[in-house]
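A.B. asks: fold the following and give me the result.
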Amino acid sequence: MADMFSIGEFSKVTGLTIKSLRFYHEQGVLTPSRVEAGSGYRYYSESQIDTARVIAQLRELDFSVADVREILSNHSDDADIVERLKSQRAVIKERMKKDRGIAGLLDQIIVHETEATKTMSQTNYAVEEKNVDPCLIASIRMKGAYSECGKGFAKIGRRLGRFINGKPMLLHHDTEYKEGDADFEACMPVKGGESNDEITVKELPGGRVLSLMHLGPYEEIGRSYEKIMKHAKAQSLNYDVPTREIYHKGPGMIFKGNPKKYLTEIVFLISDDVS
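C.D. replies: Below you'll find the model as predicted:
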């Protein structure tokens, strides 16, 4: 068998591993020229070297084993498979587009969680007076339970996801707590986008604000409202409605997370009116 190669020799000549050669044999893609009875030793002929290299090239182009088997059975020239190559290119481009979207989503999660961790480590959880700039937001005005705000965030995300450039927030239009008929806006900061019948893109005013970070479950946020309201009264400061809640850290995009680590910023826009 001078003109025959053992599977090990054929592997070295073609650059295909022995495991791959055995797999291609099992799949009917590259059948050895000879298989010894009893021992099962596989031997390949010199004429199969080119076929093996074609298989390697097609697999490098990410064709499936089934595709490779069909191409080898029916074609022998690159010109014969131009349409198949075009189709494969379209598949790869679509996959690249999807992968870019996944990479962008991963970036979003990483940045959000990194910023939240940094904010959590730096805040002293005291009422702070500061200035905030106006910002463009996309909002949906809603009536119902506060827990329904997630539906609003989801709608904004689906419609204007590529424009979102900040943390979700809730604008509270009520001056008291309401269980089932609260008046609020689910909002996301955006860098562009147009309003439609459901979503309003508008400027959220800036100015002097009182700010307080609340660490813990949403159900316990009342104690932080008490703290910021007492501060406002002590300083004889009035504030405008809507008040704001900015969600620096809440349920994650992957895990619900620990509510004890939820980080919510309460923001009161200080009014110029003197009562």
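A.B. asks: all strands of the stretch 101-250 of the chain, in order?
C.D. replies: Secondary structure of the stretch 101-250 of the chain, counting by DSSP state E, counting those that start in this stretch: strands at 128-132, 135-144, 169-172, 182-189, 200-204, 207-215, 239-249.
A.B. asks: can you dump the C-alpha coordinates of the fifth one into CSV?
C.D. replies: To tie it back to what came earlier, the one meant is strand 200-204. The C-alpha trace of strand 200-204 is given here as CSV (Å, rounded to 0.1, in the frame of the first residue of the first chain):
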residue,chain,number,x,y,z
THR,A,200,-43.5,61.5,24.1
VAL,A,201,-40.0,62.7,23.5
LYS,A,202,-39.4,66.0,25.4
GLU,A,203,-37.0,68.0,27.5
LEU,A,204,-37.0,67.3,31.3
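A.B. asks: okay, domains of the protein per the record?
C.D. replies: 4-76, 83-122, 125-270 (automatic domain parsing).
A.B. asks: what pLDDT does the residue positioned nearest the centre of the chain get?
C.D. replies: Against the mean C-alpha coordinate of the chain, by CA atoms, centre = their mean, the closest residue is L105 at 2.2 Å. pLDDT recorded at L105 is 84.
A.B. asks: could you find the closest non-adjacent residue to it?
C.D. replies: The shortest distance from L105 to any non-neighbouring residue, by CB to CB, 6 or more residues apart in numbering, is to M253 (7.5 Å). C-beta coordinates here come from the backbone N, C-alpha and C atoms, glycine included.
A.B. asks: for burial, what's the neighbour tally of that neighbour?
C.D. replies: Applying other CB atoms under 10 Å, we find 10 other residues in the vicinity of M253.
A.B. asks: repeat that for G144.
C.D. replies: By other CB under 10 Å, 16 other residues sit near G144.
A.B. asks: pretty sure it sits against D181.
C.D. replies: Yes. Counting by CB atoms under 8 Å, G144 touches D181, with 6.9 Å between them.
A.B. asks: how long is stretch 65-83 end to end?
C.D. replies: End-to-end distance of stretch 65-83 (CA to CA, to the nearest Å): 18 Å.
A.B. asks: my bad, stretch 215-223
C.D. replies: The straight-line separation of the ends of stretch 215-223 (CA to CA) is 11 Å.
A.B. asks: picking up where we left off before, please identify which of the strands of the stretch 101-250 of the chain is closest to D67.
C.D. replies: strand 182-189 (43.1 Å; CB to CB).
A.B. asks: how far is the closest one from where the chain is centred?
C.D. replies: Relative to its chain's centre, strand 182-189 lies at 22 Å (CA atoms, centre = their mean, to the nearest Å).
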